[in-house]
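>>> fold the stuff below for me.
(chains A, B, C and D)
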Amino acid sequence: MHELLGMAADIISIFLFIIGGGFMLIGAIGIIRLPDFWSRLHAAGIIDTVGAELILTGMMFQAGFTQVTVKLILIGLFLFVTSPTSTHALANAAFTAGIMPLGMKRNESDKVLKPAPVRDGVKT
Amino acid sequence: MFFAILLALMVTMLLVIIRLFAGPTLYDRVLATNSFGTLTVLLIGLLGFLTERPEFLDIAMLYALINFVSTIAILKFFRYRDISRGLVQAPEEEQRNA
Amino acid sequence: MMRAIGLGVGLFGLWLALSGYFKPFLLSLGVLSCIATVLIAQRMRLLDRETVPLELPLTLLLYWAWLGREVMKSSIAVSRVILARKMPIAQQLIRVPTTQHTEMGHTIFANSITLTPGTVTVETTDDSYIIHALTDAACDMDGFASMDARAAKVGGA
Amino acid sequence: MISPDTAAIVIDALLFTFLVITALAIVQLRHLFAVVMLAGVFSLLSAGLFVSLDAVDVAFTEAAVGAGISTVLMLGTMALTAREEKKSPHPIFLPLLVCLVTGAALIYGTLDMPPFGSPDAPVQTHVAPDYIARTPVETGVPNIVTAVLASYRGYDTLGETTVIFTAVIAVLMLLGWDTKNRSLARNARRREEDREKGDEA
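The predicted structure is shown next:
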């Protein structure tokens, strides 16, 4: 019975690792492939949320009901709360600096369209 | 199992380092560093499991915390050009900066 | 006072969960450090609704479960975009109205939008957010409205 | 199936490769902001290495100092100086030679050292077993490094902390403690006003 449970946990965590690792790799490919900062933001979002959380959950199934799982849950919770905050801070800072998406289809913000700056984008 | 996922993690890390090196804008670099921090958290956790000593997760937790703080510090620095200033600016300061 | 006790109990719970020590000497050290932290927080006047959210409802957990499903759905959509040979992106900055009244509600709604890949909150005002969307499919106004309603239920309208 | 030891060695080798790549990138780039970011990544990678070498306390310090404080300090310095590194007017051969010779000497020095993890190394046979045996009984502190720092050589640590504290105070007084203090007071006052406004509403 005990072995059976262990095997089930193994299978579940392998499954979660495969999906999480797949999302992580896709996010990394997106970070390389996508054309500009704004679109890369979404690829990084995939790594930070789905990839990281799924892999952490996979590790939880390996750890079982121990203190390690408590720590993993805390890490997961912390990433869940902070990653959107830092993504928003990043997007907001870029927006304030006047970086605009490449080939924007629709713009409902009050800012006027400007070509994306070549280097650094910070007005010094 | 842990080895395979660690290898996937390594490939991801390499791609993120390439983006960090290539830029081109400052914000791309901050984005890559932030993602790299998340990947390091996972790396430390998985390394603990690989060597069968998962008690080291404390460091992973510390990294998750520090990564967030340093990202916010960097962005704050580039938005306000100063780290010691409070996040809420007085109206007169805002006007002076505009 | 309630908040001071709440913070103390929470901190000590965290201490126990992270350390796993139950020897009396170490336990007393843990209690001392928790009390010191609470006193410093008191002196910094940090004990308010924002830092010690005792009122956080249990529906937050249900909301997170729902959000998890949404995040999965949209990350599959974004993955498709990344893996397509000719990436069909149509970047846009759109304005999404919000009905949130409390700060907690604003935080939950705006962060939920950022958390779902494909959309990122760029700027916030009291009644609307500016959102960067990667594709046309990501600007699902009905979806935003339903997320807004759910967030309002959790964050207190 | 690969044994955990082999896997750990492969991972270590990969981490070292990344470390070298990052270091080369730092040397290559003239853009200082990117250098700061890459230095952060370098520190993250070395922390991963420390964990896989079982040096958990070092990894902790690396996390706090390397990734946290030094990034912020370097950014603060960049606010006062330029963003681009100047091209050095000197030829690179002499520094390169010095680096290579020093590196070769260091590597030659490691040849005499006992192999990594060897139980016969002087570190393992001298006082370390004694501390490991006595610490749990004598101090009751679970972490031996903490016990040594705060208990066995507590006076030494106290002295060190005093020195650093004095240095920080001196630097703060030299660099304008006063203006900083005032702006802190202003922020506190503003927070207070916001709170009062919030209470009324």
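
>>> wait, isn't residue B:13 in contact with residue B:39?
Yes - using Cβ atoms under 8 Å, residue B:13 is in contact with residue B:39, at 5.3 Å. Glycine gets a C-beta too; all of them are placed from N, C-alpha and C.

>>> quick one: secondary structure of the closest residue to chain C within chain D?
Taking Cβ to the nearest Cβ, chain C has its nearest neighbour within chain D at residue D:140, 5.2 Å off. For residue D:140, the assignment made with DSSP: H, G, I helix; E, B strand; the rest coil gives coil.

>>> report pLDDT for the nearest residue to it once chain neighbours are set aside.
What sits nearest to residue D:140 in space, not counting adjacent residues and going by Cβ to Cβ, 6 or more residues apart in numbering or on different chains, is residue C:25, at 5.2 Å. As predicted, residue C:25 sits at a pLDDT of 83.

>>> what's the helix or strand for residue C:25?
helix C:24-43 (DSSP states H and E).

>>> pull the number of nearby residues for residue C:80.
14 (other Cβ atoms under 10 Å in any protein chain shown).

>>> ok, which stretches of the chain are helices?
As the question left the chain open, I've gone with chain A. With DSSP state H as the criterion, chain A has helices at A:2-33, A:37-46, A:52-63, A:67-97.

>>> that's the wrong chain, I meant chain D
According to DSSP H, the helices that chain D contains are D:4-28, D:32-52, D:56-61, D:70-80, D:93-110, D:122-125, D:128-138, D:144-147, D:154-174, D:177-200.

>>> low-confidence stretches in chain A?
Within chain A, the segments meeting pLDDT under 70 span A:1, A:111-124.

>>> one more: chain C?
By pLDDT under 70, the low-scoring segments of chain C are C:50, C:55-57, C:156-157.

>>> let me know the secondary structure of the residue positioned nearest the centre of chain B.
Residue closest to the average C-alpha location in chain B (Cα atoms, centre = their mean): residue B:34, at 2.7 Å. Of the three states, residue B:34 takes helix under three-state DSSP.

>>> swap in the one 3 residues further on?
Using three-state DSSP, the secondary structure recorded for residue B:37 is helix.

>>> list the contacts for it?
Residues near residue B:37 by Cβ atoms under 8 Å, 6 or more residues apart in numbering or on different chains: B:63, B:64, B:66, B:67, B:70, B:71, D:44, D:67.

>>> which of these sits closest to residue A:5?
Comparing the contacts of residue B:37 against residue A:5 with Cβ to Cβ places residue B:64 closest, at 29.6 Å.

>>> and the closest one, how far is that from chain C?
If you measure residue B:64 against chain C using Cβ to the nearest Cβ, to the nearest Å, the figure is 13 Å.

>>> same question, residue A:37
Residue A:37 is 10 Å from chain C, by Cβ to the nearest Cβ.

>>> also residue A:42?
From residue A:42 to chain C the distance is 5 Å (Cβ to the nearest Cβ).

>>> ok, that residue touching residue A:30?
Yes - under the criterion of Cβ under 8 Å, residue A:42 is in contact with residue A:30, at a separation of 7.3 Å.

>>> more neighbours: those two, which one.
In this view residue A:42 and residue A:30 are compared by other Cβ under 10 Å, and residue A:42 has more residues nearby, 30 against 27.

>>> shouldn't residue C:110 be in contact with residue A:89?
No - assessed by Cβ under 8 Å, residue C:110 is found out of contact with residue A:89, at 11.8 Å.

>>> more neighbours: the two, which one.
More crowded of residue C:110 and residue A:89, by other Cβ under 10 Å: residue C:110, with 24 against 19.

>>> now do the contacts for the more buried one.
Contacts for residue C:110 (Cβ under 8 Å, 6+ apart) come out as A:88, C:121, C:124, C:129.

>>> contact residues of chain C facing chain D?
C:21, C:23, C:25, C:26, C:45, C:48 (Cβ under 8 Å from any Cβ of the partner chain).

>>> closest one of those residues to residue A:34?
Nearest member of those to residue A:34, counting by Cβ to Cβ, is residue C:48, at 41.2 Å.

>>> just to be sure, the closest one is in a helix?
No - judged by three-state DSSP, residue C:48 forms no part of a helix; its state is coil.

>>> for residue 48, which non-adjacent residue is closest in space?
I went with chain A, as the question did not name one. Nearest to residue A:48 is residue A:83, by Cβ to Cβ, 6+ apart, at 4.2 Å.

>>> meant chain D actually
Leaving aside its sequence neighbours, residue D:48 sits nearest to residue B:43 (Cβ to Cβ, 6+ apart; 5.1 Å).

>>> now do residue D:72
Per Cβ to Cβ, 6+ apart, closest to residue D:72 is residue B:73, 5.1 Å.

>>> and if you look at residue C:30?
Leaving aside its chain neighbours, residue C:30 sits nearest to residue C:15 (4.5 Å; criterion: Cβ to Cβ, 6+ apart).

>>> run through chain B and note the low-pLDDT ranges.
Looking at chain B by pLDDT under 70, you get B:54-55, B:79-98.

>>> where along it do the strands fall?
Counting by DSSP state E, chain B forms no strands at all.

>>> so which residue of it comes closest to chain C?
Closest approach between chain B and chain C, counting by Cβ to the nearest Cβ: residue B:58, at 7.0 Å.
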